[in-house]
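Enquirer: need coordinates for the below:
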Amino acid sequence: MQIKCGTDIIEIARIKESIEDTNGAFLKRVYTEKEIAYCESKKKMKYQHYAARFAAKEAMFKAISGFFKHYEITWKDIEVTNDEKGRPRIQLIRKRNPNP
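Expert: Numbering: from 1, shown residues only. Next up is the predicted model:
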């Protein structure tokens, strides 16, 4: 198994534009309800928080891409939250189909 390290950088303006131009569709497709509530609570800095979460999700996709078939995991299966000290953490919250 190979272990690799990288840095994901995202333009805040690109995320802001995606959110504003899609009338909420981008938010609903990429972010969980908890993530949206957290970012919206940041008022003037909300787009920076959306961008940080997008970069973290994208990095997680890349890190676990070998474990899942193409498109088997979605943006909303990865949730970025903060612990009690404000440190970011990533949770996989895959929802299983009750009727396989």
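Enquirer: now the helices for this structure?
Expert: Here the chain has its helices, by DSSP state H, at 12-21, 25-30, 33-40, 46-64.
Enquirer: buried deepest among these, which one?
Expert: Highest mean neighbour count of the helices of the chain: helix 46-64, a mean of 18 (counted as mean count of other C-beta atoms under 10 Å). C-beta coordinates here come from the backbone N, C-alpha and C atoms, glycine included.
Enquirer: contact partners of that one?
Expert: 6, 8-12, 14-16, 19, 30-31, 35, 38-40, 42, 73, 75, 78, 80, 88, 90 (C-beta atoms under 8 Å, 6 or more residues apart in numbering).
Enquirer: next: stretch 66-85.
Expert: For stretch 66-85, the external contacting residues (C-beta under 8 Å, 6+ apart) are 29-32, 34-35, 38, 52-53, 56-57, 60-61, 64, 88-95.
Enquirer: follow-up on the earlier one: switch the helices of the chain over to CSV; also include mean pLDDT and distance to Glu84.
Expert: Formatted as CSV, the helices of the chain follow (pLDDT from 0 to 100; distance: least, C-beta to C-beta, whole Å):
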stretch, mean pLDDT, distance to Glu84
helix 12-21, 95, 27
helix 25-30, 95, 25
helix 33-40, 96, 14
helix 46-64, 91, 18
